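> Generate a structure from the sequence data that follows.
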Amino acid sequence: MIKKIGKFLVAALALAILLVVAAIFWPVRSAPLPDPMADRLISNVHVVDVRTGDLGSLADVMIRDGRIVEIGPSLQPGPDMPVLDGKGGYLVPGFWDMHVHAFQLSPQMHLPLFVANGVTGVRDMMDCPETKDPLIACVEDKRRWTRSVSAGKMTSPRFVEVASFYFDNGEMSPAEAVARARTYGKRGVDRLKVYNGVSRETYFALAKEGRALGISLVGHLPKAVKFQEAIASGQLSFEHAHLLVRACARQEHDWRTGVMENAPPVEVIEKMVDSFDTRKCDTLLQRLKASNSWLVPTHVTREEDARAHESNFVNDPRLDYLDPLSRWAYGDDLASTAAQFKGRRGANALDRYFEAGLRLTGAAHSAGVPILVGTDTAIGGFRYHDEMALLHRAGMTPASILKAATADAARYAGKERDFGTVSVGKVADLVLLRANPVADIGNTRTIEAVVLGGRLYDRRRLDQLLDFTKSQAHAPANWVKLVWGFLTSPVASEL
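I've put the predicted structure just below:
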C-alpha cells in the first residue's frame, strides 16, 4: 500500500510539473485588433480645442494614412473611404497616462484595458534593471510594441516615454549609480528614475550625469534631498501629491533627518498635515513654476490609502479585470494600510492626508505649475477617469484637465508636433465621446469610439477589448506565467 501511495504521489508530482511547464510555454493570445483602414472620415462632431476648452461647430475630420489632413464642414469621403458618423458627439485627442508600469504579460492583461478607456499613450515609469526580465517589460519590448501599434498589428497605447529601473539603494555609491545610468542610457531609456532611499551624494551625481547624457531625472523626491534642491538640480517630474504635503510642512526637517523615525505612522502624517506652512509652500510652488518641472499627483494612489477601510472600495467590481495574483497584491496593500492606520483615528488621518494632497495640487495648478494625469495603480484604464475626477475635486476645471491629459502631456514628452490636439497634420489618435467633457469631466467615460493612427475601435470592438482582458485575467496559464515570472525575476523582492 505504501509503495502504491508513493508511486501515486510521484506520478501526481510529475503531472503537476508537466502542467506547470506546459502553462509557462503555452502560447499567449493577442487582443482584438482595430479596423485595418488608416483612412476614414469622421463626420458630424464637435472638435474640442483642448488648449482653450472651446467647442467648434459641427464639423467633419478627414484622416489619411493615419494623420488628420482636413477639418471642416461637409467634407466628402474619398472612394471606398469608411465614414464614422459622430452623431453630434465630441472629438478629443487620445488621453495619455503619465505614470504606468508594464509587464511581459501586459499585452494580454493590461494594455487593451487602457485602449478601451481611451488611453492612447502611456509613460512607463520602470524599465528592467538588466537587458531582459521574465516579469517586467523592458525598453526594447515597449519600443517594439509601439512600432506594432503604429502598424496596426497590436492593441496597446503608444509608449511615449520609458524611465529606467529606479535608483533606491541608499548604499549605492555615486560612482556605481553613474555607471548604471550610462548603461541605461546606452539601452535607450528616456529618463532616470529616482526613488525614496537614494543618498544625497548619489542623487546629485545622478542629476549631473543625467544632464551630461541628456536624460533628466524623474520620479520620487528622495528623503535625503530637499524639494528646492531637487528643483534646482533639474528633476523633470515629481510623482505623487503627498510629497507636497511633506515639503510644505514645518516639521519636514524632523521627518527627513529621522527624528520621526520611531513615531507611529498615524502620528507622522498627522504632524505633516497639522504643521502646514503657507509661506513656505507658496515659495516652493513659485520655484516649481519657474523651473522646467512637472507634477504628476497620482491621487488615485492616496485615495486607495484613504479608503482602505471601506469594504465597497476594497471590493471594487472592476477588480474582476485583474488576475488573482495582482488582485491579491492590491488587497494586501490595502489591508496593510488599514492595519497600520487602525480605527477612527487612523482612517481620519489618512483622509486628511489625502485631502491635503488634493488641496496642494489645486494650489500648484493655480500657481501655474504644469500638471500631468497619471495613475500608478491597478486597473489603470478605469482609474484614469477616476484620476481626472479627483483633479477636478482638487480645483482644476474640466478644460484644464483635458489639456493636462492631452496637449500638456505631449508637450512634456516633446511630441507636440505629432500629438496632443485634434489638428491638421497630427497623428489621428482620437476619442469620440457621446457627452461634452468640458461641461463635466465625468463625460470622458462616455466613449463611443477610439481611433489609433486612423484605425478604428468602435463601441463593439471596445467591448471586445473589455471581454478579452477579463478572460485573460481569468486564464490559469497566465496565472502560472505571472507566478513564474515573479519567482524568477531578479527584482521580484524589490516590487
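> For the rest of this, base every contact and every neighbour count on C-alpha atoms.
OK.
> which outside residues touch the helix or strand hosting residue 344?
Assessed by DSSP states H and E, residue 344 sits inside helix 343-367. Residues outside helix 343-367 that contact it (Cα atoms under 8 Å, 6 or more residues apart in numbering): 241-242, 244-245, 266, 269-270, 273, 285-286, 289, 297, 299, 302-303, 305-307, 309, 338, 340-341, 370-371, 390-391, 393-396.
> Show the buried residues in those.
241-242, 244-245, 266, 269-270, 273, 285, 289, 297, 299, 302-303, 305-307, 309, 338, 341, 370-371, 390-391, 394-396 (16 or more other Cα atoms under 10 Å).
> The helix holding residue 344: which residues count as buried?
Those would be 346-365, for helix 343-367 by 16+ other Cα under 10 Å.
> That one - what's its average pLDDT?
Mean pLDDT, computed over helix 343-367, is 98.
> Ok, stretch 319-331 next?
pLDDT averaged over stretch 319-331 gives 93.
> going forward, begin numbering at 42 instead of 1
With the count now opening at 42, the last piece we talked about shows up as stretch 360-372.
> re earlier: just the buried ones among the contacts of helix 384-408: which are in helices?
Members of the buried ones among the contacts of helix 384-408 lying in helices (criterion: DSSP state H): 283, 285-286, 307, 310-311, 314, 326, 330, 340, 343-344, 346-347, 379, 431-432.
> got the angle between the helix holding residue 385 and helix 306-315?
Orientation check (axes from the mean of the first three to the mean of the last three Cα atoms, to 10 degrees): helix 384-408 against helix 306-315 gives 30 degrees.
> How far away from the center of its chain is helix 384-408?
Relative to its parent chain, helix 384-408 has a centroid offset of 21 Å by Cα atoms, centre = their mean, to the nearest Å.
> for the helix or strand encompassing residue 518, packing partners?
Per DSSP H and E, residue 518 falls inside helix 517-529. Counting contacts by 3 or more Cα pairs under 8 Å, 6 or more residues apart in numbering; DSSP states H and E, helix 517-529 is packed against helix 43-66, helix 365-381.
> again, only this time at 10 Å
Applying 3 or more Cα pairs under 10 Å, 6 or more residues apart in numbering; DSSP states H and E, one finds that helix 517-529 makes contact with helix 43-66, helix 365-381, helix 500-514.
> average pLDDT for the shortest one?
This means helix 500-514. 98.
> What residues of that helix count as buried?
502, 503, 505, 506, 507, 508, 509, 510, 511, 512, 513, 514.
> In CSV, list these along with distance to residue 208.
Shown next, in CSV, are these (distance: Cα to Cα, whole Å):
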residue, distance to residue 208
502, 40
503, 37
505, 39
506, 35
507, 35
508, 37
509, 35
510, 32
511, 34
512, 36
513, 32
514, 31
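> List the contacts of residue 132.
83, 85-90, 96-97, 102, 463, 471-478, 488, 490-491 (Cα atoms under 10 Å, 6 or more residues apart in numbering).
> For ChimeraX, what selects the buried ones among those residues?
Per 16+ other Cα under 10 Å, the buried members of those correspond to this ChimeraX selection:
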select :83,85,86,87,88,89,90,96,102,463,471,472,473,474,475,476,477,478,488,490,491
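> wait, is residue 186 part of a helix?
Yes: counting by DSSP: H, G, I helix; E, B strand; the rest coil, residue 186 falls inside a helix.
> That one - how many residues pack around it?
20 (other Cα atoms under 10 Å).
> Pretty sure it sits against residue 194.
Yes: here residue 186 reaches residue 194: they are 9.0 Å apart, a contact under Cα atoms under 10 Å.
> Output the below-cut-off pLDDT ranges for this structure.
42-68, 534, 536 (pLDDT under 70).
> one more time with 50
42-61, 64 (pLDDT under 50).
> Which parts of it are strands?
81-90, 95-105, 108-113, 124-134, 136-141, 160-165, 199-203, 233-235, 258-260, 278-280, 335-337, 471-474, 488-493, 496-499 (DSSP state E).
> I'd like these as JSON lines, with distance to residue 446 appended.
Converted to JSON lines, the strands of the chain look like this (distance: least, Cα to Cα, whole Å):
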{"stretch": "strand 81-90", "distance to residue 446": "13"}
{"stretch": "strand 95-105", "distance to residue 446": "16"}
{"stretch": "strand 108-113", "distance to residue 446": "20"}
{"stretch": "strand 124-134", "distance to residue 446": "9"}
{"stretch": "strand 136-141", "distance to residue 446": "5"}
{"stretch": "strand 160-165", "distance to residue 446": "9"}
{"stretch": "strand 199-203", "distance to residue 446": "13"}
{"stretch": "strand 233-235", "distance to residue 446": "21"}
{"stretch": "strand 258-260", "distance to residue 446": "18"}
{"stretch": "strand 278-280", "distance to residue 446": "15"}
{"stretch": "strand 335-337", "distance to residue 446": "11"}
{"stretch": "strand 471-474", "distance to residue 446": "12"}
{"stretch": "strand 488-493", "distance to residue 446": "15"}
{"stretch": "strand 496-499", "distance to residue 446": "20"}
